[in-house]
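Engineer: Here is a sequence together with a model predicted from it:
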Amino acid sequence: MATIDQEPLVPAAIYLSNVRKSPSDRRAVELADKITQILIEQVMDKNHKKAKKAVPSDDKPRCGLCGKTKNLTKTECCDTWICDDEDKYVMFSYARNSCYRNHRRFTLCGYHHVEEHPGHWKDCQTCRDSFETEMYVWYGTNEYNFEKLENPPAFEPTLCSECGAVIVLSQDSYSTLGDKNWCEKCSDKRLRSKN
Ligand SMILES: [Zn+2]
Ligand SMILES: [Zn+2]
Ligand SMILES: [Zn+2]
Ligand SMILES: [Zn+2]
């Protein structure tokens, strides 16, 4: 699949945020919407890169995330077979090597259950209101889900206030202050110029 090179999108991204500030020209807004769509695809593409291979189907219970058949348990949130591996997680390591923990911590399904919301997570307004749209979409569609959010809502990609690069909130490191965000490179530059 073709990957989108970020470089040519940078001037487009800056243009886009200017158009949105003065939406008088309809064609320009349409163009900005198209660019937004490309940027969203780029974010989604980055999110899905790490998606795992399809699990082979036979009768054995398998972890719904990685397909292993040993040492399984069922999730509390959705009663699905999953590795009983939370002990593998080292405190404060931020490692994402535990299927059990990944599903509980990084999906709407897990969050919705832990927070004891009523009904199904897919149509839970409390979940929807709990996160920025980009993160809501990530929690509902990332590779730690068994079932993904259908028709995830559109969102405005987050752009670096300095260079206009797309910041993928769920993957990239970035810094933020008020309504401004800086990509990793620009954050480093800002830090260095202060010292
Ligand atoms: Zn697993
Ligand atoms: Zn679940
Ligand atoms: Zn919920
Ligand atoms: Zn930047």
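Structural biologist: Looks like it came in fine. The shown structure was predicted, so the numbers you read here are calculated from the model rather than taken from an experiment. Residues are numbered from 1 along each chain as shown. Ligands and ions are numbered 1, 2, ... in the order given.
Engineer: mind listing what's buried in the helix ranked longest in the chain?
Structural biologist: Using DSSP state H to define each element, the chain has its longest helix at helix 26-48. Using 16 or more other C-beta atoms under 10 Å as the test for burial, helix 26-48 gives 28, 32, 35-36, 39-40, 42-43, 46-47. Just so you know, the C-beta spots here come from the backbone N, C-alpha and C atoms, and that holds for glycine as well.
Engineer: who touches the next helix or strand after that helix?
Structural biologist: Of the helices and strands lying after helix 26-48 in sequence (DSSP states H and E), the nearest is strand 72-74. By C-beta atoms under 8 Å, 6 or more residues apart in numbering, the surrounding residues in contact with strand 72-74 are 61-63, 80-84, 100.
Engineer: Wondering if strand 72-74 reaches ligand 2 at all.
Structural biologist: No - residues of strand 72-74 are not located near ligand 2 by C-beta under 5 Å from the ion, the shortest gap being 9.7 Å.
Engineer: Just give the closest residue to N97, not the sequence neighbours.
Structural biologist: Nearest non-adjacent residue to N97, counting by C-beta to C-beta, 6 or more residues apart in numbering: K88, 5.7 Å away.
Engineer: just to revisit the earlier point, of the buried residues of helix 26-48, which is the nearest to G140?
Structural biologist: Comparing the buried residues of helix 26-48 against G140 with C-beta to C-beta places N47 closest, at 10.9 Å.
Engineer: What are the buried residues along stretch 134-153?
Structural biologist: Using 16+ other C-beta under 10 Å as the test for burial, stretch 134-153 gives 134, 136-145, 149, 152.
Engineer: actually stretch 108-118, not the one I wrote
Structural biologist: So stretch 108-118, judged by 16+ other C-beta under 10 Å, has buried residues 108-113, 117.
Engineer: In helices, which of those residues fall?
Structural biologist: 108-113.
Engineer: from the residues you listed, which single one is nearest ligand 3?
Structural biologist: H112 (3.4 Å; C-beta to the ion).
Engineer: mind listing what that closest one touches?
Structural biologist: H112 makes contacts with 77, 120-121, 124, 127, as judged by C-beta under 8 Å, 6+ apart.
Engineer: What residues does this structure have near ligand 2?
Structural biologist: With C-beta under 5 Å from the ion as the criterion, the chain comes near ligand 2 at residues 75, 77-78, 109.
Engineer: In three-state terms, label W138 for me.
Structural biologist: The three-state label given to W138 by DSSP: H, G, I helix; E, B strand; the rest coil is helix.
Engineer: which residues does the closest residue in space to it that isn't next to it in sequence contact?
Structural biologist: With sequence-adjacent residues excluded and distances taken as C-beta to C-beta, 6+ apart, W138 is closest to S170, at 4.1 Å. Applying C-beta under 8 Å, 6+ apart to S170 gives the contacts 47, 134-135, 138, 142.
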